[in-house]
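Novice: Predicted model, plus sequence, below.
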Amino acid sequence: MKFSYKPQGVCSAQMNFEIEDGVLKDIEIIRGCSGNTQGISSLCKGMKVNDIIDRLEGIDCNGRGTSCPDQLAKALKAALEQM
């Protein structure tokens, strides 16, 4: 299934991704720190969604209370609730 998520409190503007059989198959993070978002995408692609959530949830960026990785965890949780 394909999903789109609008992150809040971070530089990235949108996260588009696909989940198949509990695995993150594809991801595109629009805007944000290019190297960081490309790295996150590359590392997470092919991983089980629950493992990604466990690793990324709660990561903070400069005292914002969230980060692009944390927002990805929130996006994946929201997607699982819709499935």
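Specialist: All right, it came through fine. Residues are numbered from 1 along each chain as shown.
Novice: what is residue 29 paired to in the beta sheet?
Specialist: Residues in a beta bridge with residue 29, per DSSP bridges, are residue 15.
Novice: pLDDT of the helix ranked longest in the chain, averaged?
Specialist: Among the elements of type helix in the chain, defined by DSSP state H, the one spanning the most residues is helix 68-82. Mean pLDDT, helix 68-82: 98.
Novice: Show me what that helix is packed up against.
Specialist: Helices and strands touching helix 68-82, as assessed by 3 or more CB pairs under 8 Å, 6 or more residues apart in numbering; DSSP states H and E, comprise strand 2-5, strand 12-20, strand 23-31, helix 34-44, helix 49-56. To be clear about C-beta, it is placed using only N, CA and C from the backbone, and glycine gets the same treatment.
Novice: Would you reformat those as JSON lines and include mean pLDDT, mean neighbour count and distance to residue 70?
Specialist: Putting those into JSON lines (pLDDT from 0 to 100; neighbours: other CB atoms under 10 Å; distance: least, CB to CB, whole Å) gives the following:
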{"stretch": "strand 2-5", "mean pLDDT": "98", "mean neighbour count": "15", "distance to residue 70": "12"}
{"stretch": "strand 12-20", "mean pLDDT": "98", "mean neighbour count": "17", "distance to residue 70": "11"}
{"stretch": "strand 23-31", "mean pLDDT": "97", "mean neighbour count": "16", "distance to residue 70": "13"}
{"stretch": "helix 34-44", "mean pLDDT": "96", "mean neighbour count": "15", "distance to residue 70": "11"}
{"stretch": "helix 49-56", "mean pLDDT": "98", "mean neighbour count": "16", "distance to residue 70": "6"}
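Novice: the residue most distant from the middle of the chain, which is it?
Specialist: Computed with CA atoms, centre = their mean, the maximum C-alpha offset from the centroid of the chain is found at residue 63, amounting to 18.9 Å.
Novice: Contacts only, for the residue lying closest to residue 67 once chain neighbours are set aside.
Specialist: Of all residues beyond its chain neighbours, the one nearest residue 67 is residue 61 (3.6 Å), with distances taken as CB to CB, 6 or more residues apart in numbering. Contact criterion CB atoms under 8 Å, 6 or more residues apart in numbering gives 10, 67-68, 70 as the residues in contact with residue 61.
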